[in-house]
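Student: Build me a model:
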Amino acid sequence: MTDLGNTLNNLKLHQLTLPSTHNAGMDKKGIGGPVEGWIACQNDTFPFQIAQGARVFDLRVNARVFNGTLYGFDFFHGPFSSNRSVLGLIKDCNAFFKNDYNTKKHELIILQFQEFKNFRPSDYERLLTQLTQGFSGTGSSTKILPRAASDLTIRDIRSRYAGHNIIIASDKFGSHSDVWNDISHEWIGHDIPSEQELDIFIDQKTQETNQSKLWSLQSVRYKKLYGPLDISDYINKKFKPDAQALINSNIINVDFIENSSIVPYCISVNLYKVERLIDKAPPSQPTVHDELWHGGWSTYFINFNASTDNFGVDHYLYSLNGGEEIKVNNQHTQRQQLEFEVRRGQEYKFTLYAVDVAGNRSTPLVKALKGIDPPTGSDKP
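Tutor: Residues are numbered from 1 along each chain as shown. Below you'll find the predicted structure:
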């Protein structure tokens, strides 16, 4: 992110595509014995994962409690824990930024706390204290980017919060100013999907182009008698730089991150997203397909042929008689429908725009319509 300089300035974090290590605290060097191949999702340490380009850590935290005493926080996968600790994670992140900070000052590392095990109510506060003290800027090299920055552009983050490089995200710490909202996590729902099932799932989750907050997509597979699989060939095919799955993703969780091309692919697609923002070509004009009345003759339906755009239509805006513009999400179908209420006998000017991801508006679809009075007497069907 630092090397890209000001290129990303107009994007927000939820508009980027970011590489993430699934079960980041469960690497083969942090797990000993015969269970290594069953539960390890990464090959190497936190510093290694950062150096490979991971900018999001998918974390599952275990509270080490014995006889009622808390001895610390480590990471787990299933019934097993690694020898990686939250204190070690803090140390590793600080060490990354401390070494030649100027070359890394615009990097952001997101700590996505996904699961918690053996936690008592007071342990969440203790974990947060560990994090806020560890990333305090006092005796360390970086600070926490606060919740207030969650909807800022990269430019505003860099100008307002210089020296803040760590994002903590979880719903378990309350509305703390140092903690971002929980990152919604999309998972197929079982560990052993076929490649075809995973393919369908990813396609379903990446149909929409823009979300309004951070979200993550778990792109992993397991084998029943082995554990996490290296599916780097599939990752390279599914998330190639011009693929919808990559363009429409925010955070992509993968196993064994260095074996795939997910990091350079993310860089490529973020540059593409920058180009989309400076696009000046408007979408094509939507056109009416058909219309009908319903619900006591006061509800109007209009089916319209969707607009097209070189970078994709984000949403539509419609208004009646020049009034408030109503936003409607793109349904990503060739034919789409609007429904609204009108008054009987009143004339209306209906206006509809397509709006692309750069904010360009199409030529408006304009149509005159009149609220129909219900039939009476012999006119009744």
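Student: CA atoms for contacts and neighbours, from now on please.
Tutor: OK.
Student: where along the stretch 151-300 of the chain do the strands fall?
Tutor: Per DSSP state E, counting those that start in this stretch, the stretch 151-300 of the chain carries strands over the ranges 164-169, 179-180, 184-186, 215-218, 222-223, 227-228, 251-254, 287-294, 299-305.
Student: List the beta-bridge partners for the residue lying closest to Asp191 once chain neighbours are set aside.
Tutor: By the measure of C-alpha to C-alpha, 6 or more residues apart in numbering, the closest residue to Asp191 outside its immediate chain neighbours is Tyr222, 5.6 Å from it. Judged by DSSP bridges, the bridge partners of Tyr222 are Pro228.
Student: ok, so what distance separates Tyr222 from Asp74?
Tutor: Distance of Tyr222 to Asp74, computed by C-alpha to C-alpha, to the nearest Å: 23 Å.
Student: Those two: who's more crowded?
Tutor: Asp74 (23 against 19; other C-alpha atoms under 10 Å).
Student: Next up, the contacts around that one.
Tutor: With contacts defined as C-alpha atoms under 8 Å, 6 or more residues apart in numbering, Asp74 is in contact with Val61, Asn62, Ala63, Arg64, Ser81, Ser82, Asn83, Arg84, Ser85, Val86.
Student: Mind listing what's buried along the one helix or strand it maps to?
Tutor: Element membership of Asp74, judged by DSSP states H and E, is strand 69-77. Buried residues in strand 69-77, counting neighbours by 16 or more other C-alpha atoms under 10 Å, are found at Gly72, Phe73, Asp74, Phe75, Phe76, His77.
Student: cool, stretch 140-159 as well?
Tutor: 140-147, 149-150, 152-158.
Student: What confidence value was assigned to Ser378?
Tutor: Here, the pLDDT recorded for Ser378 equals 55.
Student: picking up where we left off before, might one say that the residue nearest to Asp191 is in contact with Ser194?
Tutor: No. Distance between Tyr222 and Ser194: 9.3 Å, which falls outside the contact criterion (C-alpha atoms under 8 Å).
Student: re earlier: helix or strand right after the strand holding Asp74?
Tutor: Later in the chain than strand 69-77, the nearest helix or strand by DSSP H and E is strand 80-85.
Student: Next up, the contacts around the most centrally placed residue in the chain.
Tutor: For the chain, the residue sitting closest to the mean C-alpha position, by C-alpha atoms, centre = their mean, is Trp215 at 2.8 Å. With C-alpha under 8 Å, 6+ apart as the criterion, the residues that contact Trp215 are His14, Ile183, Ser184, His185, Glu186, Asn250, Ile251.
Student: ok, of those residues, which come out buried?
Tutor: Judged by neighbour count, with 16+ other C-alpha under 10 Å as the criterion, the buried members of the contacts of Trp215 are His14, Ile183, His185, Glu186, Asn250, Ile251.
Student: quick one: low-confidence parts of the stretch 201-350 of the chain?
Tutor: Counting by pLDDT under 70, the stretch 201-350 of the chain contains low-confidence residues at 209-210, 295-297.
Student: and with 90 instead?
Tutor: 207-212, 223-227, 276-280, 291-300, 309-314, 329-333, 340-347 (pLDDT under 90).
Student: Ile200: neighbouring residues, count only.
Tutor: Burial of Ile200 is recorded as 11 neighbouring residues (other C-alpha under 10 Å).
Student: What of the one 4 residues further on?
Tutor: Counted by other C-alpha under 10 Å, the residues lying close to Gln204 total 11.
Student: where's it relative to Glu197, distance?
Tutor: From Gln204 to Glu197 the distance is 11 Å (C-alpha to C-alpha).
Student: Ok, Lys98 next?
Tutor: Here the distance between Lys98 and Glu197 works out to 43 Å (C-alpha to C-alpha).
Student: quick one, which of the strands of the stretch 151-300 of the chain is nearest to Asp44?
Tutor: Ranking these by distance to Asp44, with C-alpha to C-alpha as the measure, places strand 251-254 first at 13.7 Å.
Student: Remind me what that closest one packs against, helices and strands.
Tutor: Contact analysis of strand 251-254 by 3 or more C-alpha pairs under 8 Å, 6 or more residues apart in numbering; DSSP states H and E lists strand 18-21, strand 215-218 as its packing neighbours.
Student: So which of these is nearest Glu275?
Tutor: Each of these was checked against Glu275 via C-alpha to C-alpha, and the shortest separation belongs to strand 18-21, namely 17.2 Å.
Student: Partner strands of that closest one, with direction?
Tutor: Next to strand 18-21 in the sheet, as set by DSSP bridges, lie strand 56-66 (parallel), strand 251-254 (parallel).
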